[in-house]
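**Student:** Next come a sequence and a model predicted from it.
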Amino acid sequence: MGSNEMVMVPEIKHTKLFINGEFVDAASGKTFETRDPRTGDVLAHIAEADKADVDLAVGAAREAFEHGKWPRMSGYERGRAMHKLADLMEQHTEELAALDGADAGKLLLLGKIIDIPAAVQMLRYYAGAADKIHGESLRVSGKYQGYTLKEPIGVVGIIIPWNFPSLMFFLKISPALAAGCTVVVKPAEQTPLSALYYAHLAKLAGIPDGVINVVPGFGPTAGAAIASHMDVDSVSTNDH
């Protein structure tokens, strides 16, 4: 493989937190470096979320869940928006693979043929499941009939690792979105670039503001705030 491909660095377009449909600076104004592990070069300075920013993101996700249209859409409508996001990912496969390549030290070719297509497939799978969430009818004693009703749980806090930034992002958010939940995502501090780009694409796809929030930062601050936040109904982590 040629050296030019190994060190391909795309334009870095998104470096701020994504909260309630907008890219914003951290409340503290702090940033941190994300580096290319292939060269050690600084790729970008990323807004560094801490508890104050997580509080804002969870508040936005809570508002979107309790009063927004995402949980109230039909599964078919949610699925269409998710498929639109998958379409946009396919249109930007080269750029997304280059982002993960530069941020995680992954091979560009493998990103194009494995990582990004696998993330798209994951998202499309759950987009297809969004209108197939069924309960059960139950026979109970007496002249009664019981039934189960599956409903979204609320705000989901998600902490993902560095090794498969795109696939792990969609492994976590896809079922939550399909169910009608809203999410707050802390990508690994080593690999925040693609998660921020996916937030941008989600807005273009028509996913409402507040449904997806991305708060890059560090485990002892942003990660701990998500894990301990009383308003988050579910926390999903994967640290390996």
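**Tutor:** That came through, no problem. Residues are numbered from 1 along each chain as shown.
**Student:** how far away is residue 74 from residue 199?
**Tutor:** Using C-beta to C-beta, to the nearest Å, residue 74 is found at 24 Å from residue 199. Bear in mind the C-beta positions are built from the backbone N, C-alpha and C, glycine included.
**Student:** So for these two, which residue has more residues nearby?
**Tutor:** Counting neighbours by other C-beta atoms under 10 Å for residue 74 and for residue 199 shows that residue 199 has the greater number, 22 against 11.
**Student:** quick one: contacts for the more buried one?
**Tutor:** Neighbouring residues of residue 199 by C-beta atoms under 8 Å, 6 or more residues apart in numbering: 14, 18, 212, 213, 214.
**Student:** Not counting residues beside it along the chain, what's closest to the fourth one?
**Tutor:** Just to be clear, that refers to residue 213. Residue nearest to residue 213 in three dimensions, not counting chain neighbours: residue 57, with 4.0 Å by C-beta to C-beta, 6 or more residues apart in numbering.
**Student:** doesn't residue 22 make contact with that neighbour?
**Tutor:** No: between residue 57 and residue 22 there is no contact under C-beta atoms under 8 Å: 11.2 Å.
**Student:** Can you report how many residues lie near the nearest residue to residue 135 once chain neighbours are set aside?
**Tutor:** Distances taken as C-beta to C-beta, 6+ apart place residue 148 nearest to residue 135, at 3.9 Å, with adjacent residues excluded. Counted with other C-beta under 10 Å, the burial measure for residue 148 works out to 9 neighbours.
**Student:** Check what pLDDT residue 148 gets.
**Tutor:** The predicted local distance difference test score for residue 148 is 89.
**Student:** low pLDDT regions in the protein?
**Tutor:** For the chain, applying pLDDT under 70 flags the ranges 1-7, 230-240.
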